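[1] Attaching a predicted model along with its sequence, questions to come.
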Amino acid sequence: MKLYLVFFALSLVLYSIHWPTAIYDVRTFTSANPTGWLSRLLDELGNTRGMATSQIAQEVNSRWQSYISMSQVIYPLFVALALKLLFRRRGLYFAEHLIFALHVLAFSFLASALLWPVYALFGLRTSTETFTAASVLITAGSIVWTGVYLLLAMRRAYAEPWPPAVVKSAVVFLTYSVTSMLFIYAMLGLAIALTHGDG
């Protein structure tokens, strides 16, 4: 639990403090939004409250990052639930799956934190529309590395044969990926809504 919380917090801080690698920054989303609706929404919110758009963005970021940090407990629960369903015939307790989930996610966040200097060096984007070749290769490599680690960890912890281990690790990886993306966008929406409500 301590390892998971520390590495989660480290990853969140690293990907929030430096603009070229600020994943948890609403400006990153506005620059990547092809229709520009999010940028217009922030501008309108700024006009309504008589504030600069940059100030609105900072307020949204503060709320968003706070909500994400509070939602950290959700990720291992969903992964553990997926494991419980996949291995329901084993008769293992939910807590046992939760320990495995915390271990794997701690590794994932540690790997993310270790890759931050590389992203900071090469950047994430060459423009508002395209990612740098280095960032694409690094991200793809990170996904493969995490997936392989999950597969090997599942083989070791659950003593699964290779074919079902591959399938089940893919399901767990997909569960985490979808859950994390849904919560990231949900927390961003909540941050914007509450910032608008304060106006």
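    Okay, I see it. Numbering: from 1, shown residues only.
[2] Quick check: the gap between the residue positioned nearest the centre of the chain and Gln65.
    By CA atoms, centre = their mean, the chain has its centre lying nearest to Ser180, at 5.1 Å. Going from Ser180 to Gln65 by CB to CB, to the nearest Å gives 15 Å. C-betas here are computed from N, CA, C, even on glycine.
[3] about what we covered before: what helix or strand does the residue nearest to the centre of the chain sit in?
    Secondary structure from DSSP states H and E places Ser180 in helix 162-198.
[4] and what of Ile138?
    In this assignment (DSSP H and E), Ile138 forms part of helix 133-158.
[5] could you check the angle helix 162-198 makes with that helix?
    Angle, helix 133-158 to helix 162-198, by axes from the mean of the first three to the mean of the last three CA atoms, to 10 degrees: 120 degrees.
[6] now for the strand or helix carrying Glu96, which elements pack on it?
    For Glu96, the element it lies in under DSSP H and E is helix 94-122. The contact analysis (3 or more CB pairs under 8 Å, 6 or more residues apart in numbering; DSSP states H and E) places helix 94-122 against helix 2-17, helix 74-86, helix 133-158, helix 162-198.
[7] now with 7 Å?
    Judged by 3 or more CB pairs under 7 Å, 6 or more residues apart in numbering; DSSP states H and E, the packing partners of helix 94-122 are helix 2-17, helix 74-86, helix 133-158.
[8] how far does that helix sit from the chain's center?
    Taking CA atoms, centre = their mean, to the nearest Å, the mean C-alpha location of helix 94-122 is offset from the chain mean by 10 Å.
[9] Buried residues, that helix. List them.
    96-98, 100-102, 104-110, 112-113, 115-116, 119 (16 or more other CB atoms under 10 Å).
[10] likewise stretch 67-82?
    Of the residues in stretch 67-82, 67-69, 72, 75-76, 78-82 count as buried by neighbour count, 16+ other CB under 10 Å.
[11] okay, those in JSON lines with distance to Leu188 and pLDDT next?
    What follows is the buried residues of stretch 67-82, written out as JSON lines (distance: CB to CB, whole Å; pLDDT from 0 to 100):
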{"residue": "Tyr67", "distance to Leu188": "8", "pLDDT": "94"}
{"residue": "Ile68", "distance to Leu188": "9", "pLDDT": "92"}
{"residue": "Ser69", "distance to Leu188": "14", "pLDDT": "91"}
{"residue": "Gln72", "distance to Leu188": "16", "pLDDT": "87"}
{"residue": "Tyr75", "distance to Leu188": "16", "pLDDT": "92"}
{"residue": "Pro76", "distance to Leu188": "21", "pLDDT": "95"}
{"residue": "Phe78", "distance to Leu188": "19", "pLDDT": "95"}
{"residue": "Val79", "distance to Leu188": "22", "pLDDT": "96"}
{"residue": "Ala80", "distance to Leu188": "25", "pLDDT": "97"}
{"residue": "Leu81", "distance to Leu188": "24", "pLDDT": "97"}
{"residue": "Ala82", "distance to Leu188": "24", "pLDDT": "97"}
